[in-house]
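Asker: dropping the sequence and predicted coords here.
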Amino acid sequence: MKISTKGRYALRLMVDLSLYDTGEYVSLKDVAERQAISMKYLEQIVSQLTKAGYLHSVRGPQGGYKLARRPTQYTVGEILRVTEGNLAPVSCLEVVPNPCPRAEFCSTLPVWEGLYQHIADYVDGITLEDVVNNEKKSPDSDDLI
């Protein structure tokens, strides 16, 4: 399993919106500059996150984006699933029930199920707030706040 730039950038976007949350909407241009991500790419990402109900958006000169919930109410896993889809390490685990005709006697299936469970437990056990707090502890974080 490999997380694409879209998934990584979605998480960076959400962290940025958390760090710069003043109650006002944050300009996508500002996020793009701070995160060194192209506006066009961020527009695709915010579209997905807005459709999923993770962001609120307002158009216009005073418009922008802000989180729909508090950072403690998002997990890294759910943010990644919006942009990456299912995080299963093998395709046969992407659908329930498992459609593979070999599933009943597949000797490797428990390996993939275990890996998938560890991945899900890990990313679902980290909140956006946890990532934000790590960012605030970073030696370079003085430039962010």
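Answerer: Thanks, I have the structure now.
Asker: now do the helices in the protein.
Answerer: Secondary structure of the chain (DSSP state H): helices at 5-19, 28-35, 39-51, 76-84, 109-124, 128-137.
Asker: below-threshold pLDDT in the chain: ranges please.
Answerer: For the chain, the stretches with pLDDT under 70 are 139-145.
Asker: go ahead and produce PDB holding the CA coordinates of stretch 69-80.
Answerer: Taking C-alpha atoms only, stretch 69-80 is exported to PDB below (Å, rounded to 0.1, in the frame of the first residue of the first chain):
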ATOM      1  CA  ARG A  69     -15.700  19.700  13.000                       C
ATOM      2  CA  ARG A  70     -13.000  20.100  15.700                       C
ATOM      3  CA  PRO A  71      -9.600  18.500  14.900                       C
ATOM      4  CA  THR A  72     -10.300  15.900  17.700                       C
ATOM      5  CA  GLN A  73     -13.200  14.600  15.700                       C
ATOM      6  CA  TYR A  74     -11.200  13.600  12.600                       C
ATOM      7  CA  THR A  75      -8.900  10.600  12.300                       C
ATOM      8  CA  VAL A  76      -6.100  10.300   9.800                       C
ATOM      9  CA  GLY A  77      -7.800   7.200   8.500                       C
ATOM     10  CA  GLU A  78     -11.000   8.800   7.600                       C
ATOM     11  CA  ILE A  79      -9.100  11.700   5.900                       C
ATOM     12  CA  LEU A  80      -7.100   9.300   3.800                       C
END
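Asker: chain center to it, what's the gap?
Answerer: Distance, stretch centre to chain centre, for stretch 69-80: 7 Å (Cα atoms, centre = their mean, to the nearest Å).
Asker: can you tell me what sits against it?
Answerer: Contact with stretch 69-80 is made by 3, 7, 10-11, 14, 18, 49, 54, 67, 87, 120, 123-129, 131-132, as judged by Cβ atoms under 8 Å, 6 or more residues apart in numbering. Any C-beta I mention is one placed from the backbone N, CA and C, and that applies to glycine too.
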